[in-house]
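S.K.: Structure for the following, please:
(chains A and B)
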Amino acid sequence: RKEVEQDPGPFNVPEGATVAFNCTYSNSASQSFFWYRQDCRKEPKLLMSVYSSGNEDGRFTAQLNRASQYISLLIRDSKLSDSATYLCVVSTMDSSYKLIFGSGTRLLVRP
Amino acid sequence: ETGVTQTPRHLVMGMTNKKSLKCEQHLGHNAMYWYKQSAKKPLELMFVYNFKEQTENNSVPSRFSPECPNSSHLFLHLHTLQPEDSALYLCASSPLGQGLGNTEAFFGQGTRLTVV
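M.R.: Just a heads-up that it's a prediction; the model follows:
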């Protein structure tokens, strides 16, 4: 089983749509959780951290369910510029602090 | 600009060549990482350095050899690579210390490597 699993998509949605991405992780000792965004042929960049109480940043809302080991990202009022791959990321601390990436979910927002 | 710089941005090398990738950060971070991203595959963690010490080698073939001379620099030495090693190699850094909290990683722009 992969440490971090995501639906690869692609999700093809019209502008203005609401879209939700889900992610599950296998290591119950995972400490921190993030959503990264990666544009084509570019490096990943942090979109937002995910807190236990859930958090919102403009049109983006992230939720964490530790009991179910599940993370979500909701994007409201999609823009063309939201088209990218969204990576679910989990940090663990065993022999070292490290970030484990999911395979990413591709989002295409059409006019 | 994230504060993590990788050179070169593009590299084409033959299977018998020896080359090195360089990563530099002046963010004061104590953890540095090498990731590999192949076409249509997720990011794969290769090596982790915490406080200049290698703390993780994720079953990477010995033809990849990392070096971390100080907390600001990380190298990946390459020799006798195979065509399937062609990929985007990404360096990242993150802070470490008391109370890790939500410590994000900052990525360099990557080196796109082609082995011919």
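
S.K.: For B:G3, which non-adjacent residue is spatially closest?
M.R.: The shortest distance from B:G3 to any non-neighbouring residue, by C-beta to C-beta, 6 or more residues apart in numbering or on different chains, is to B:L27 (4.6 Å). The way it works is simple: take the backbone N, C-alpha and C, and place the C-beta from them, glycine included.

S.K.: What number of residues are in the vicinity of the one you found?
M.R.: 13 (other C-beta atoms under 10 Å in any protein chain shown).

S.K.: ok, it - contacts?
M.R.: B:L27 is in contact with B:3-4, B:93, B:95, B:106, counting by C-beta atoms under 8 Å, 6 or more residues apart in numbering or on different chains.

S.K.: Are we agreed that it is in a strand?
M.R.: No: counting by DSSP: H, G, I helix; E, B strand; the rest coil, B:L27 is not part of a strand but coil.

S.K.: Dihedrals phi and psi, it?
M.R.: Torsion angles at B:L27 (phi, psi; degrees, to the nearest 10) stand at phi -100, psi 0.

S.K.: go on, B:E84?
M.R.: The phi/psi pair for B:E84 (degrees, to the nearest 10) is phi -70, psi -10.

S.K.: Let me know the pLDDT of the residue nearest the centre of chain B.
M.R.: Centroid-nearest residue in chain B: B:W34, 2.6 Å away (criterion: C-alpha atoms, centre = their mean). We note a pLDDT of 95 for B:W34 in this prediction.

S.K.: Surely it and B:L74 touch.
M.R.: Yes: in this structure, B:W34 is within contact of B:L74 by C-beta atoms under 8 Å, at 7.0 Å.

S.K.: Pull up the overlap in contacts between those two.
M.R.: With contacts taken as C-beta under 8 Å, 6+ apart, B:W34 and B:L74 have B:23, B:66, B:91 as neighbours in common.

S.K.: Show me which positions of the helix or strand containing the second one end up buried.
M.R.: Remark: B:P66 resides in strand B:64-70, with elements defined by DSSP states H and E. Of the residues in strand B:64-70, those scored as buried under the neighbour-count criterion (16 or more other C-beta atoms under 10 Å in any protein chain shown) are B:64, B:66, B:68.

S.K.: Just list what the helix or strand following it packs against, helices and strands only.
M.R.: As assigned by DSSP H and E, the chain's next helix or strand after strand B:64-70 is strand B:73-79. Applying 3 or more C-beta pairs under 8 Å, 6 or more residues apart in numbering or on different chains; DSSP states H and E, we find strand B:73-79 packed against strand B:18-25, strand B:31-37, strand B:44-50, strand B:64-70, strand B:87-94.

S.K.: So for A:L107, which of those strands sits nearest?
M.R.: Closest approach to A:L107 among the helices and strands packed on strand B:73-79 is made by strand B:31-37 (18.1 Å; C-beta to C-beta).

S.K.: Now do the closest one: everything it contacts.
M.R.: Applying C-beta under 8 Å, 6+ apart, the external contacts of strand B:31-37 come out as A:96-99, A:101, B:23, B:25, B:43-51, B:66, B:68, B:71, B:74, B:76, B:87-96, B:105, B:110.

S.K.: please redo it, this time with the cut-off set to 6 Å
M.R.: The contact list for strand B:31-37 (C-beta atoms under 6 Å, 6 or more residues apart in numbering or on different chains) reads A:97, B:43-50, B:74, B:76, B:87-90, B:92-94, B:96.
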